[in-house]
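[1] with the input below, show me the fold.
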Amino acid sequence: MPGKKKLARFAQMKEFPNTIEPALHEIKNEGKGNFKSHPLKGKWHEKVFENENPLVLELGCGKGEYSVGLGRKFPDKNFLGVDIKGARIWRGAKTALDENLKNVAFLRTRIDFIDLFFEKGEVDEIWITFPDPQLKERRERKRLTGKMFTDRYRRFLKKGGLVHLKTDNTPLYEYTLDQIKEHGFKLLFETNDLYGKGMENFDESVQEVLSIKTHYEGIFSEKGFKIKYIIFQLEE
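    Below is the predicted model:
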């Protein structure tokens, strides 16, 4: 994206009512590594969505295709896309505004800080859609289904809340299944070929949700990559 266009979008986002871009001082005290909760922690329903409907996160949301797509289909739920890339978030945020989707919003932050933004039991569901698989062994701790992150999700995901993973990456898919087994999570469903032999296991309404495709998913599918899908709970 040309520099001027990118800067213009960043400026626009600062005015978007459905986009939260925390300043560093809002989550970090003075002193190295000294972090604090964001002011919206425990107040998303009251301050952002202005209702008590279930809150669903899309982590690493990119252009927000899932957040927007789910928001269209489920007006009785709130969807929050989370990503650090502002140029990507701009697309989803603008689409949500153009379509007057009051139940869709975006948070620009590193997912490393995710537990600073939500109170215990505040989030009902998590979608992880085509994350960077972080394949190098030294990057394992950065995998969004690894222990460092699932420990953080436990701090705010309600009891029995669902975690969804969609990926084209076989090593990440297998790694996630291993993590589920190792840490005693509850595996609800998994398939290594969602559109080939997994979709028929769901009713029509769920198939409609799973048919929402992100930008990258469309590219991967066109190239013949099989899409993997896992649903699990961190606790019952």
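[2] which parts of the protein are helices?
    Remark: helices assigned in the chain by DSSP state H are 3-13, 65-73, 86-98, 147-154, 170-182, 204-210, 215-222.
[3] what is the fifth one packed up against?
    Helix 170-182 sits against strand 157-167, strand 186-191, strand 228-233, with contacts defined as 3 or more Cβ pairs under 8 Å, 6 or more residues apart in numbering; DSSP states H and E. In this view, the C-beta of every residue, glycine as well, is placed from N, C-alpha and C.
[4] and that helix, what's buried?
    172-173, 175-177, 179-180 (16 or more other Cβ atoms under 10 Å).
[5] likewise the shortest one?
    By neighbour count on 16+ other Cβ under 10 Å, the buried set for helix 204-210 is Leu210.
[6] which elements pack onto that helix?
    Against helix 204-210 (3+ Cβ pairs under 8 Å, 6+ apart) you get helix 65-73.
[7] correct me if wrong: Asn53 contacts Lys77.
    Yes. Contact criterion Cβ atoms under 8 Å: Asn53 and Lys77 qualify, at 5.4 Å.
[8] find residues that contact each of these two.
    Asn103 (Cβ atoms under 8 Å, 6 or more residues apart in numbering).
[9] returning to that earlier point: so which of the helices of the chain gets nearest Lys197?
    Proximity to Lys197 (Cβ to Cβ) singles out helix 204-210 among the helices of the chain, at 13.0 Å.
[10] which residues does that closest one contact?
    Residues contacting helix 204-210 (Cβ under 8 Å, 6+ apart): 70, 73, 166, 194, 199, 202, 229.
[11] columns distance to Leu107 on top of the helices of the chain, output as a markdown table?
    Below are the helices of the chain laid out as a markdown table (distance: least, Cβ to Cβ, whole Å):
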| stretch | distance to Leu107 |
| --- | --- |
| helix 3-13 | 12 |
| helix 65-73 | 10 |
| helix 86-98 | 9 |
| helix 147-154 | 15 |
| helix 170-182 | 23 |
| helix 204-210 | 22 |
| helix 215-222 | 19 |
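[12] of the ones you listed, which is nearest Trp127?
    Here helix 65-73 is closest among these (Cβ to Cβ), at 5.7 Å.
[13] just checking the distance from the closest one to the centre of its chain.
    Here helix 65-73 is found 12 Å from its chain centre; the criterion is Cα atoms, centre = their mean, to the nearest Å.
[14] output that helix as PDB, nothing but the C-alphas.
    Taking Å, rounded to 0.1, in the frame of the first residue of the first chain, the C-alpha atoms of helix 65-73 are listed here in PDB:
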ATOM      1  CA  GLU A  65     -13.700 -11.000   7.400                       C
ATOM      2  CA  TYR A  66     -14.800 -13.400  10.100                       C
ATOM      3  CA  SER A  67     -15.800 -10.600  12.600                       C
ATOM      4  CA  VAL A  68     -17.800  -8.900   9.900                       C
ATOM      5  CA  GLY A  69     -19.300 -12.100   8.500                       C
ATOM      6  CA  LEU A  70     -20.300 -13.400  11.900                       C
ATOM      7  CA  GLY A  71     -21.700 -10.000  12.800                       C
ATOM      8  CA  ARG A  72     -24.000 -10.100   9.800                       C
ATOM      9  CA  LYS A  73     -25.300 -13.600  10.700                       C
END
